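> Build me a structure from this.
(one chain, ligands or ions: 2)
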Amino acid sequence: MPLRYLVHTFGCQMNAHDSDRMAEALKAHGWSAARHRDEADLIVINTCSVREKAEQKLRSEIGRLASLKARNPGLVLAVSGCVAQQEGEKLLAFAPHLDLVIGPDNIAELPALVFDQRLGAPARVRTAFDMDAPRFLAAIPSPGKAPVSAFVTTMKGCDERCSFCIVPHTRGPERYRSSREIVDEIARLVDSGTREVTLLGQTVNSFRDSALEGPSRPPAADCDESQFPELLRLIARHIPGLKRLRYASPHPRHTSQALARAHAEISILAHHVHLPVQSGSDRILKRMIRRYSRAEYITRARLLLSAHSDMTLSTDIIVGFPGETNADFEATLDLVREIGFVSLFGFKYSRRPFTPASRLHDDVPEETKSERLARLFELAEAQTQAHLATLVGTTQTVLVEGASKASATRDSGEVLVEGRTGRNEIVHIAQPNDRTIVPGAVAEVEIVRANKHSLVGVLERFQVDASSRRLEPEQQRRFLPILGAS
Ligand code: SAH
Ligand code: F3S
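Ligands and ions are numbered 1, 2, ... in the order given. Alright, predicted model coming up:
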């Protein structure tokens, strides 16, 4: 019987991506996925420490695993991700039933480390940053089985020092992947059925690669030393099968005219950007060490918005940063209105160890943080609703990802598929009786209704390109009842 693993993921997309790579590394060594923790020979908890709540959740999760380990002493327990990097040896002291503590740069070593553990090696901590020869694990897609929408890492670490953020401590300094490796991975994914790629990095648009042509010369006033726009052009040029290209998350500092030009000129580039702002108050932006002013952010955001008439922006906002007054918070709300974000992620400030802001007095009461967050969400919801309503009656191009989660909840028995527009709005599409829409198909859809966070549309026509995948049995199960490729 093959050995079985379970990877439990907390936190961001980067973590989900790391979890997928760990699963692939294990599979390459003969492991298979466990359906339940009771049948697992290895459990990996891939952790997040960006806010305190996530870290607390992890500690109780680790605690729960102690009884499982007591019942099954052969079980290997590993903690990976940002808390592993941050706490190292301290985690073993806190939870002696753990066997492995593995930092984000050490996940490739997982199969070998687990092998040693199964032979009785003492508990290990591996949290070394790979500064000299940074490694980026590529996806290993099976033919026809790659997800329609996939994530590809282009850099790791972060050189910014936002005063609230623990990421530079847990993920180390910036290291860039070679553009060749990036293009190769995307090409392999597209050959295996992927149609949309999101490039991932902490400051994804600070990308540099000496092999690329274009900037990296001393920047002019409006220019930026980053070569991210060149990377986008390279990908679009070399991978004709790619239908859509997105990236997350850019830093406003590297959001240049060249990037806006790339948006205007590269047809596969999404008409949407998630551009974290954090606050609309200059005083708070300064204390956050974001390295831009409100006016500079607005200029950069407008550059992007000017690339297309239907371009949209979303953002991240922290409320209750130390010293944030009502007036500062009002300035944030005002900015949300001024830019017209179509959606946002809002967070209450959470004091993190090893961050410059941890020395500031966390002086905004919890109650005030909650009130501000509720007001922020109320505004954001209203803007989302207003935006979605403008799309009713229009025709949108939707990249179909699979069966709609809404299908299961409908009494009518009507089958829905789900996909996204070029701006990332989710669209549920009623599947016509006489035709079938496969994942990866590009559909022209008339929008007939706006839900709270998604759209409902009626198919006008769809196109499945010659390279579109036939569904593997596993996917047919997952996507049923969307049948066979046309
Ligand atoms: N550059 C990263 C940001 C990682 S953290 C990216 O690519 O998304 C994601 C978001 O969490 C940040 O944009 C910020 O809004 C929020 N965040 C980070 N540290 C925080 C803290 N200490 N308290 C509350 N929110 C925080
Ligand atoms: Fe964190 Fe700021 Fe970098 S939010 S990941 S330090 S850009």
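> how about low-confidence regions in the stretch 1-150 of the chain?
Along the stretch 1-150 of the chain, no part satisfies pLDDT under 70.
> Neighbours of the residue in it that ligand 2 sits nearest to, how many?
Using C-beta to the nearest ligand atom, the closest approach of the stretch 1-150 of the chain to ligand 2 is made by V50 at 8.0 Å. Glycine gets a C-beta too; all of them are placed from N, C-alpha and C. When neighbours are counted by other C-beta atoms under 10 Å, V50 registers 20.
> With L391 instead?
Per other C-beta under 10 Å, the neighbour tally for L391 reads 19.
> swap in the one 10 residues further on?
The tally of other residues near E401 (other C-beta under 10 Å) stands at 20.
> And the spatially closest residue to L3 that is not a sequence neighbour, how far from L77?
Among residues not flanking L3 along the chain, D41 sits closest, at 4.5 Å (C-beta to C-beta, 6 or more residues apart in numbering). Counting by C-beta to C-beta, to the nearest Å, the separation of D41 from L77 is 11 Å.
> Show me which of those two is the more surrounded one.
The residue with more neighbours, out of D41 and L77, is L77; 22 against 18, by other C-beta under 10 Å.
> Just confirm the more buried one is within a helix.
No. Counting by DSSP: H, G, I helix; E, B strand; the rest coil, one finds L77 to be strand, located in no helix.
> ok, which residues in the stretch 101-250 of the chain are in contact with ligand 2?
C158, E160, C162, C165, V167, P168, Q202, T203 (C-beta under 6 Å from any ligand atom).
> now those as JSON lines including pLDDT?
Shown next, in JSON lines, are these (pLDDT from 0 to 100):
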{"residue": "C158", "pLDDT": "97"}
{"residue": "E160", "pLDDT": "96"}
{"residue": "C162", "pLDDT": "98"}
{"residue": "C165", "pLDDT": "98"}
{"residue": "V167", "pLDDT": "96"}
{"residue": "P168", "pLDDT": "96"}
{"residue": "Q202", "pLDDT": "97"}
{"residue": "T203", "pLDDT": "97"}
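> okay, those in JSON lines with distance to L344 and neighbour count next?
JSON lines is the format used below for those (distance: C-beta to C-beta, whole Å; neighbours: other C-beta atoms under 10 Å):
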{"residue": "C158", "distance to L344": "21", "neighbour count": "21"}
{"residue": "E160", "distance to L344": "20", "neighbour count": "17"}
{"residue": "C162", "distance to L344": "17", "neighbour count": "21"}
{"residue": "C165", "distance to L344": "17", "neighbour count": "22"}
{"residue": "V167", "distance to L344": "19", "neighbour count": "21"}
{"residue": "P168", "distance to L344": "23", "neighbour count": "18"}
{"residue": "Q202", "distance to L344": "19", "neighbour count": "21"}
{"residue": "T203", "distance to L344": "19", "neighbour count": "22"}
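> as a whole number, average confidence for stretch 317-324?
Average pLDDT, stretch 317-324: 98.
> And stretch 368-381, by the same measure?
Mean pLDDT, stretch 368-381: 98.
> Now it: buried residues?
Using 16 or more other C-beta atoms under 10 Å as the test for burial, stretch 368-381 gives T368, K369, R372, L373, R375, L376, L379, A380.
> So what's the residue count around Q385?
By the criterion of other C-beta under 10 Å, Q385 has 14 neighbours.
> what about it, distance to A133?
49 Å.
> Output the set of residues of the stretch 251-400 of the chain in proximity to ligand 1.
P276, Q278, D316, I318, F347, Y349, S350, R352.
> List just the nearest of those residues to E401.
Using C-beta to C-beta, D316 comes nearest to E401 of those, at 23.9 Å.
> burial of R124, as a residue count?
Neighbours of R124 (other C-beta under 10 Å): 17.
> tell me which residues form a beta bridge with it?
L100 (DSSP bridges).
> Is it correct that it is in contact with L113?
Yes. Assessed by C-beta atoms under 8 Å, R124 is found in contact with L113 at 6.0 Å.
> Mind listing the shared neighbours of the two?
By the contact definition C-beta atoms under 8 Å, 6 or more residues apart in numbering, R124 and L113 are jointly contacted by L100.
> Which strands or helices does the top helix by length along the chain pack on?
With residue count as the measure and DSSP state H as the assignment, the chain has helix 366-391 as its longest helix. In terms of contacts (3 or more C-beta pairs under 8 Å, 6 or more residues apart in numbering; DSSP states H and E), helix 366-391 is packed against strand 312-319, helix 326-339, strand 343-348, strand 442-450, strand 454-463.
> next one: whichever helix or strand comes after that helix to chain centre, how far?
Where DSSP states H and E defines the elements, the next helix or strand beyond helix 366-391 is strand 395-403. The chain centre lies 20 Å from the centre of strand 395-403; the measure is C-alpha atoms, centre = their mean, to the nearest Å.
> Pull the residues that contact strand 395-403.
With contact meaning C-beta under 8 Å, 6+ apart, strand 395-403 is reached by 147-149, 195-196, 243-244, 415-422, 425, 427, 429, 437-447, 455, 457, 460, 462, 478-482.
> Apply 6 Å and report the result again.
Contact with strand 395-403 is made by 148, 195-196, 243-244, 417-421, 427, 437, 439, 441-447, 479, as judged by C-beta atoms under 6 Å, 6 or more residues apart in numbering.
> what about the residue of the stretch 351-486 of the chain found nearest ligand 2, neighbour count?
The stretch 351-486 of the chain approaches ligand 2 most closely through T355 (8.8 Å), counting by C-beta to the nearest ligand atom. When neighbours are counted by other C-beta under 10 Å, T355 registers 19.
> how close does it get to V7?
From T355 across to V7, the span is 28 Å (C-beta to C-beta).
> Show me where this protein has its helices.
Under DSSP H, the chain gives helices at 13-28, 52-71, 82-87, 89-94, 110-118, 167-171, 179-191, 228-238, 257-265, 282-287, 294-305, 326-339, 366-391, 473-479.
> packing partners for the first one?
Pointing back at helix 13-28 there. Secondary-structure packing of helix 13-28 (3 or more C-beta pairs under 6 Å, 6 or more residues apart in numbering; DSSP states H and E): strand 4-9, helix 110-118.
> Between these, which one is closest to ligand 1.
Shortest distance between ligand 1 and the helices and strands packed on helix 13-28, using C-beta to the nearest ligand atom, is found for strand 4-9: 15.4 Å.
> count of neighbours near the closest residue to ligand 1 within the stretch 151-300 of the chain?
Closest to ligand 1 within the stretch 151-300 of the chain is S249: 3.3 Å, counting by C-beta to the nearest ligand atom. Residues contacting S249 under the criterion other C-beta under 10 Å number 19.
> And the one 10 residues further on, by the same measure?
Applying other C-beta under 10 Å, we find 23 residues neighbouring L259.
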